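1. Provide a 3D model corresponding to the input given below.
(2 chains)
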Amino acid sequence: MDILHSLGLGFSVALSWENLLYCFLGVLIGTLIGVLPGIGPSATISLLLPSTYHLSPTSAIIMLAGVYYGAMYGGSTTSILVNIPGEAASVVTCLDGYQMARQGRAGPALGIAAFGSFIAGTLSLGGLMVAAPLLAKFALRFGPPEYFSLIFLAFSILIYLASGSMLKAIMMAAAGVFTGAIGTDFITGEPRFNYGSLTLSDGFGLVPVVMGLFGIAEVLENIERKVERADVLKTKFKGLFPNLQDWKKSLAPIFRGTFIGFFLGILPGGGSVIASFASYAVEKRVSKHPEAFGKGAIEGVAGPESANNSATGGNFIPLMTLGVPANVVMALILGALMIHGIRPGPMLIQEQPELFWGVVTSMYIGNGMLLVLNLPMIALWVRILLIPYNLLFPLILLFCVIGVYSLNNNIWEIIIMLMFGIIGYLMRRFKYEAAPFVFALVLGPIMENAFRQSLLMSEGSFSIFFIQPISCVLLVAGMILFFIPLLPSFKRRRFEENI
Amino acid sequence: MPKHNRISTIFWICIALAICIESLRLGPGSLSNPGPGLVPLGCGLILGIFGAIVFVLSFKKGGEAGEPLWKFGTRWKKMIAIAVSITAYAFLIDLLGFHLVTFLWMIYVCWGIGEMRWKNAILVSIITTFSSYLLFEHYLHINFPRGFLRF
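-> Have a look, this model is predicted:
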């Protein structure tokens, strides 16, 4: 009954015309950027952050969540039709989706991607509804040592899963924590590294930094090289509904993908990209015909597409219950909540039930909207690829500049954004990832607070992190992940070759 | 990409050094009473130590060569133009006002950097300036500077 009551509350919030509008806007923008290569959900959420200042927190999160899971839907369209992944979580869909399209089976591939995404997205929301309140109750036992250890574990997983060099990911995490420390020390009130600047008295704002690192850097990188544009007019597709045989082959991968995506999504540091690759690997392993993978196996589309959507539901669990984001997109959503003075944690579901249940139920509605948006309008989305980049990049730049300026009417924030844009561009050229930096920038102050409070509590003894059982388990798990790559078999692969 | 790594790590090691010096000046405190410099000092040390490891590893043989850092004759001029135009936008917005500077800036970015035709650039600039007025000023009620023309 309790959950029915909560669902009723959630739907009453999500079905208000205002939230429906923002949900629709979110999934529409998400699909759009999912289709467009060269701009991903992190960049888009960064661009949209300033506009959320003027919305209610619930509407803001409904819209930003819509962008995230909408991008997962949109990304599959271009992967299947033109072999260009709109965003990273759809890379693996290219392998079999595009082969299906070449064999004249683009329709069933698109159909199973959309239906699989819908089923997985909806099921993972069920998981979110059940798991989040349970985890929130458990998280009430968390004190500063547990939070420090949990964030350490999150960093370890994020660094371990970094696509490039782990050494560089560690460096970026350290740089991010340091950047988060700039401003005013929250315990002593002393200014830190701001050198009398009023703009920096509260530190670097999240919005100028992420808009620079993701928005401006993206444009600078793309303007330097020619962005790949596909000859989409040559692609033909018809009959979007998969046949009975397709469904038979796809149902098990969809459910397995949902399961894998949900649990990988919960893990701090986990996300849609890992979920889609893991699902593909599992499907290939369990298949009786692994040789068909890469040549147009529908299971290779159904599994990963379900997994990446399911992961988005799982991602919200650590954010909403522990206040610890699972990945960089969730870190940005945490930033949006903090902008509104909301600090997610174990009490969020009790203190802000409209926010939690409103966002969860809006995702059911958003998933339905996406099905309608994606299936009948696929031809339109594909034509979006024809938008020339010399029209797109001025719009992105303008949105960045106005968005940042609109926060405080402070021109120095535009300059800060530009500075981080150049840094972000150089980071890309020198193969340093921005994700650990932004993750650390958001979580750094929380981690520092937990660390210093723990030391104050224990009068300077590190044993506090090991005496508390939850903290000990989390810290040891983090340390194992941190040191696994030192083993000889991992060492060459992760430490040296990727540098 | 050993050359890239050497250049980038020298930069990071310098930054790490500066962070450590400034953190020590702020005061790291003690473990029982951590000061404002403690965590930044830790960050500086991690950045410096791992930067040094990457630097040393960059002398090992092998590894991909990486793209050349600077390709002359390509589009680097556009990147500089973008950076300069954003800086100019920031410093002219109070003087010229939001609408005028946005309109002029968009024309420059579309025509000068994006190589659009004149007519298209003007059309896009008009549409985007008007749309940004609708979204930010009319809908989100943000007050932007009017400039000397009070426009």
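2. please identify which helix or strand holds residue A:448.
-> Taking DSSP states H and E as the definition, one finds residue A:448 inside helix A:434-458.
3. for chain B, what are the nearby residues on the stretch 151-300 of chain A?
-> A:165, A:167-168, A:170-171, A:174-175, A:177-178, A:181, A:185, A:187-188, A:190, A:192-193, A:216, A:219-220, A:223-225 (Cβ under 8 Å from any Cβ of the partner chain). The way it works is simple: take the backbone N, C-alpha and C, and place the C-beta from them, glycine included.
4. cutoff 10 Å now
-> By Cβ under 10 Å from any Cβ of the partner chain, the residues of the stretch 151-300 of chain A that approach chain B are A:165-182, A:184-193, A:195, A:216, A:219-226.
5. and those residues, which of them are in helices?
-> If you go by DSSP state H, these have A:166-181, A:219-224 in helices.
6. in chain A, which helix is the longest?
-> If you go by DSSP H, chain A has its longest helix at helix A:106-139.
7. give the next helix or strand downstream of it.
-> Moving toward the C-terminus from helix A:106-139, the next helix or strand (DSSP H and E) is helix A:144-160.
8. now do that following helix: distance to the chain's middle.
-> 18 Å (Cα atoms, centre = their mean, to the nearest Å).
9. roughly how far apart are the residue most central in space within chain B and chain A?
-> Nearest to the mean C-alpha position of chain B, counting by Cα atoms, centre = their mean, stands residue B:83 at 8.2 Å. According to Cβ to the nearest Cβ, to the nearest Å, residue B:83 stands 6 Å off from chain A.
10. confirm that residue sits in a helix?
-> Yes. Judged by DSSP: H, G, I helix; E, B strand; the rest coil, residue B:83 forms part of a helix.
11. which pLDDT value does the model give it?
-> pLDDT for residue B:83: 94.
12. so what's the closest residue in space to it that isn't next to it in sequence up against?
-> Once flanking residues are discounted, residue B:83 sits nearest to residue A:418: 6.1 Å by Cβ to Cβ, 6 or more residues apart in numbering or on different chains. Residue A:418 sits next to A:208, A:211-212, A:216, A:220, A:400-401, A:404, B:82-87, B:89-90 when contact means Cβ atoms under 10 Å, 6 or more residues apart in numbering or on different chains.
13. quick one: pLDDT of residue A:71?
-> On the pLDDT scale, residue A:71 gets 84.
14. other SSEs contacting the helix holding residue A:448?
-> helix A:41-52, helix A:144-160, helix A:166-181, helix A:206-210, helix A:328-339, helix A:411-429, helix A:464-467, helix B:38-57 (3 or more Cβ pairs under 10 Å, 6 or more residues apart in numbering or on different chains; DSSP states H and E).
15. redo that, cut-off 6 Å
-> helix A:144-160, helix A:166-181, helix A:328-339 (3 or more Cβ pairs under 6 Å, 6 or more residues apart in numbering or on different chains; DSSP states H and E).
16. now do the same for the single nearest residue of chain A relative to chain B: helix, strand or coil?
-> As assessed by Cβ to the nearest Cβ, chain B sits closest to residue A:460 within chain A, at 3.2 Å. Secondary structure assignment for residue A:460 (three-state DSSP): coil.
17. return the backbone torsion pair for it.
-> phi 90, psi 10 (degrees, to the nearest 10).
18. correct me if wrong: it contacts residue B:33.
-> No. Counting by Cβ atoms under 6 Å, residue B:33 is not a contact partner of residue A:460; they are 7.6 Å apart.
19. what residues does chain B have near chain A?
-> Residues of chain B lying near chain A by Cβ under 6 Å from any Cβ of the partner chain: B:4-5, B:8, B:19, B:31-32, B:34, B:36, B:39-40, B:43, B:46-47, B:50, B:53-54, B:57, B:75, B:78-79, B:86, B:89-90, B:109-110, B:114, B:116, B:128, B:132, B:136, B:140, B:142.
20. so, low pLDDT: which residues of the chain?
-> You didn't say which chain, so I picked chain A. Residues of chain A that meet the criterion pLDDT under 70 lie in A:1, A:37-38, A:84, A:86-87, A:163, A:225-240, A:268-270, A:485-499.
21. let me rephrase: I mean chain B.
-> For chain B (pLDDT under 70), the answer is B:1, B:61-75, B:151.
22. buried sites along the helix of greatest length in it?
-> Criterion DSSP H: the longest helix present in chain B is helix B:2-26. For helix B:2-26, the neighbour count (16 or more other Cβ atoms under 10 Å in any protein chain shown) marks B:2, B:4-5, B:8-9, B:12-13, B:15-16, B:19-20, B:22-23, B:26 as buried.
23. of those residues, closest to chain A?
-> residue B:8 (4.3 Å).
24. residues in contact with the closest one?
-> residue A:430 (Cβ atoms under 6 Å, 6 or more residues apart in numbering or on different chains).
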